[in-house]
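> Here is my input, please return the structure:
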Amino acid sequence: MTELKNLEQELSRFRLRLWVAAGFVLFCFGLLVFRLFVLQVVRHDDLATQAENNRIAVVPIVPNRGLIVDRNGVVLANNYSAYTLEITPSKVEDVEATINELAKLVDIAPRDRRRFKRLREESKSFESIPIRTRLSDVEVARFTAQRFRFPGVDIRARLFRHYPYGELASHVLGYIGRINQREKEAMEDWPDEDQANYRGTDYIGKLGIEQSYERELHGLTGVEEVETSAGGRAVRRLSSHPATPGNTVHLAIDIKLQGLIERLFGKRRGALVAIDPRNGEVLAFVSKPTFDPNLFVDGIDTENWKELNESADKPLLNRALRGTYPPGSTYKPFMALAALNTNKRNPNTIIMDNGVFNFGGHQFRSPENERGGAMNMRRAIVESSNVYFYSLANDLGVDLIHDQNEPLGFGRLTGIDLKGEVTGILPSTDWKRRTYRRPEQKKWYAGETISLGIGQGYNNFTILQIATALSTLAADGQRFQPRVVREIEDVVTRQRRVVSSQALAPLVYNPEHTAFVREAMHGVTVEGTGTRVFAGAGYQSGGKTGTAQAVGLKAGEKYVASRMGEYQRDHSLYEAFAPIDHPRIALAIIVENAGFGAQAAAPIARRVLDYVLMGEYPSEEDIAAVQVGQATAPIGVRRRVEDVPLPTMADSYGNDIPVGPAVLPNAAAAGASAPARSASGVAVPSSAPSRPSAPASGVASSPMAVASRARVLQPAASQVRP
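Now for the predicted structure:
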């Protein structure tokens, strides 16, 4: 009886356990069904989107950078496509060993290794960094055949900037370079739209037009959707929103004129700025010596950087924009205009010039070659009388000189469309109080005013400021912001937007006063210090020579150029405008440490005016004479400008390009149209150079695409990269 009862209890317990287990199993199945319902129904759209995103990679398409052309449509900056071999450090166990193995397949020079090391320090570990650029087809084939050995290494097709004229106009054009960490941090403050436009972009304008017009040249980034495999490799392109290439920037500069001026300087240092007084367009913007901007595009190597950075000639200094100099006697016409404008001096007032101006027990002397005698204002300008302008500066005073010349652009930014301009120094009592610390230094002494009259003392201006001021004087007070860029052409609509000719509020001058000063400056060219240089000119011009001290002399010390070191000799300056009645050009020039203005600077100015006004190009004999400072009026048989070929261009390998029809019928046509695209976001132009060749279309950076291309490439002697 007891045993049966126990059996029933056991069965009851078993059944209970069975039901509990069954309930638990049903509960678990219920959870699975509920979870399945949530995933398949409730979160279907969200999860489907995530799955699609895992399958599809959204890649930015970097646009073609816009062209830079001169006023005649000659291309000064363009793009070329090439293969690059790149390493992603985060995907490589031993980077150095990998590079050594790659060097057995492709040529990797020490320069390439140094550049890679520098870029690696500036980049994040997951970013792709080039170890070799401009690979040949043979090198692409060699690597592709061995790609399985190099995880984290791949080939990409990229666009590179190219400046076909090399050093010519380099300070105007500037260059582009890889975006550094400081620039990346600055981009974080940009609007979201601008940041999005630079996704996938590795390069940005660093100097010159490339920097100042970066937004116009960059273009609009596109987007490409690519289906990827589980390993992240591109399989096929699903959709594409093409990028919009950058706009074409048309300069006001004539590159043939620019090239002529740079030749005329020879190996000498200096700067020249030529402006059209009618609209502010910059016709020439020269800083010598120059540099090759192509060196910076791919990352400049240590040797070239050291040579440029440590050179005593300072080729990286933009002398026209950032170099400041005492203006010397080129300042005298502006002093005369200030005197007339304030009624401080009558043009007929006579000042006796006996070679010395005495003030406060100190003697201010004139050069020994000055004739002296009775000087009225006109004769003082024509013969460059120091004593007359010593006296005039004393009559005006430093603050009145400042107030009269500051509106002309002296001592302040001109507003030119190039970044990096400096203000120079137009002294005043307030300037000195703000500049110096010690009380005795803050005080302005009357004796300091005297030297200002002849463009010495604290006066320090850029050549751009002198040219701008002369342009205003030539235009009877009408002012313009100087503009290097003339027009911007929309690459899509082909419409051009004029950016020059932005007139400022004119300065109120008595037309008789400006006409008087211009006529006196004309006297410089026909009876003064510029007579020999402008003999036989087919136009009437105004000008003023100047000689400015590079270093100060001790009291009683006599200046003898032959006894001075090269960098201690006086600077040679000249300013000019022409024609007299309706000026079309105003220029200022300095040739550093070249001595008397009429000997070095004025001959260059004469050739520039001949080019612009007469369409005449100097003979080779004449150019050689100007280069060494042994020229006055032009010699030899002058040529027509249109008969002289453009300067020689070079391709991306440095090989000369035959001079042909360089003027574009449509300025946006040369490489600015929408290019073919790659899945890596690299824009590949349709007109790729034959060496190194780059893909015209397709998923260029995917291993599948590269491999298929490599299969049809067989190594041949003619394909080996030199």
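
> From here on, just use CA atoms for contacts and neighbour counts.
Noted.

> helix, strand or coil for residue 533?
Under the three-state scheme (DSSP: H, G, I helix; E, B strand; the rest coil), residue 533 adopts coil.

> Quick one: residues contacting it.
Applying Cα atoms under 8 Å, 6 or more residues apart in numbering, one finds that residue 533 lies in contact with 525, 598, 602, 603, 606, 631, 632, 633, 634.

> Dump these into CSV; add neighbour count as well.
Output for those, formatted as CSV (neighbours: other Cα atoms under 10 Å):
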residue, neighbour count
525, 25
598, 25
602, 36
603, 28
606, 20
631, 21
632, 22
633, 18
634, 24
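
> quick one: which of the residues you listed sit in helices?
The members of the contacts of residue 533 that map onto helices under DSSP state H are 525, 598, 602, 603, 606.

> Need the worst-confidence member of the residues you listed.
Ranked by pLDDT, the ones in helices among the contacts of residue 533 bottom out at residue 598 (86).

> Among the contacts of residue 533, list the two that are farthest apart in space.
525 and 631 (15.4 Å; Cα to Cα).

> what's the neighbour count on the residue nearest to residue 172 when sequence neighbours are not counted?
Nearest residue to residue 172, sequence neighbours excluded (Cα to Cα, 6 or more residues apart in numbering): residue 208, at 5.0 Å. For residue 208, the neighbour count with other Cα atoms under 10 Å is 23.

> pLDDT below threshold where in this structure?
Applying pLDDT under 70 to the chain flags the ranges 1-5, 47-56, 124-126, 228-235, 368-369, 551-564, 652-654, 658-722.

> Can you find which helix in it contains the most residues?
Max-length helix for the chain by DSSP H is helix 2-37.

> wait, what's in contact with residue 337?
513, 514, 517.

> Surely the second one touches residue 473?
By that I understand residue 514. Yes: in terms of Cα atoms under 8 Å, residue 514 counts as a neighbour of residue 473; the distance is 6.5 Å.

> Mind checking which of the two has more residues around it?
Just comparing residue 514 and residue 473: by other Cα under 10 Å the higher neighbour count belongs to residue 473, 26 against 23.

> which ones are touching that one?
Contacts of residue 473 (Cα under 8 Å, 6+ apart): 514, 518.

> what are the phi and psi values for the residue nearest to residue 172?
Per-residue torsions, residue 208: phi 60, psi -150 (degrees, to the nearest 10).

> And residue 270, by the same measure?
Dihedral pair for residue 270: phi 160, psi -170, per degrees, to the nearest 10.

> With adjacent residues omitted, what lies nearest to it?
residue 591 (4.4 Å).

> Could you give me the buried positions within stretch 612-619?
By 16 or more other Cα atoms under 10 Å, the buried positions in stretch 612-619 come out as 612, 616, 617, 618.

> quick one: the residue nearest the centre of the chain from residue 39, how far?
What sits nearest the mean C-alpha location of the chain, by Cα atoms, centre = their mean, is residue 208, with 1.6 Å. Remark: distance between residue 208 and residue 39 (Cα to Cα, to the nearest Å) = 57 Å.

> Excluding chain neighbours, what is closest to residue 656?
Residue nearest to residue 656 in three dimensions, not counting chain neighbours: residue 650, with 4.3 Å by Cα to Cα, 6+ apart.
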